[in-house]
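Novice: Provide a 3D model corresponding to the input given below.
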Amino acid sequence: MPQSQPILSQSQISVAAPSDELAKHRGHWIAYSPDGTRMIAGCATLAALEVQVRAAGENPEDVLLERVPEGEFIASGSELS
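Specialist: Okay, the predicted model is just below:
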């Protein structure tokens, strides 16, 4: 998986994954396209996520990663500022 990646704001990522979609992935890792506009895969472990990213035809070194919290609250928008 990538060592360093460009930083995207939560609002840029939320375009790719609205909060109702993120809620389905609580406690999981999510891989996004390099520009942050498309969710590629979501998995509980980074190893499994890498397999899914490769299966989707993407290079794991190019994707953006995010870990979705396990709790009920997913911060977005104004909660992050």
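
Novice: for Pro34, see how far away Asp62 is.
Specialist: 5 Å (C-beta to C-beta, to the nearest Å). Every residue, glycine included, has its C-beta placed from N, CA and C.

Novice: the more surrounded of the two?
Specialist: Set Asp62 next to Pro34 and count neighbours by other C-beta atoms under 10 Å: Pro34 wins out with 17 against 13.

Novice: was I right about that one contacting Leu65?
Specialist: No: using C-beta atoms under 8 Å, Pro34 makes no contact with Leu65, being 11.3 Å away.

Novice: residue ranges with poor pLDDT in this protein?
Specialist: For the chain, applying pLDDT under 70 flags the ranges 1-18, 72-81.

Novice: run through the bridge partners of Tyr32.
Specialist: Beta-bridge pairing for Tyr32 (DSSP bridges): Met39, Leu64.

Novice: element containing Asp20?
Specialist: Secondary structure from DSSP states H and E places Asp20 in helix 19-23.

Novice: which of the residues in that helix are buried?
Specialist: Leu22 (16 or more other C-beta atoms under 10 Å).

Novice: stretch 54-68 now?
Specialist: Across stretch 54-68, burial judged by 16+ other C-beta under 10 Å covers Glu58, Pro60, Val63, Leu64, Glu66, Val68.

Novice: contact partners of the helix or strand Gln52 falls within?
Specialist: Using DSSP H and E, Gln52 maps to helix 46-55. Defining contact as C-beta atoms under 8 Å, 6 or more residues apart in numbering, one finds that helix 46-55 is touched by Met1, Trp29, Ile30, Ala31, Ile40, Ala41, Gly42, Cys43, Asn59, Pro60, Val63, Leu65.

Novice: could I get those as TSV with distance to Glu21?
Specialist: Below are the contacts of helix 46-55 laid out as TSV (distance: C-beta to C-beta, whole Å):
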residue	distance to Glu21
Met1	21
Trp29	14
Ile30	9
Ala31	14
Ile40	13
Ala41	13
Gly42	9
Cys43	15
Asn59	23
Pro60	21
Val63	17
Leu65	16
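
Novice: now, the most widely separated pair of those?
Specialist: Farthest-apart pair in the contacts of helix 46-55 is Gly42 and Asn59; separation 17.6 Å (C-beta to C-beta).
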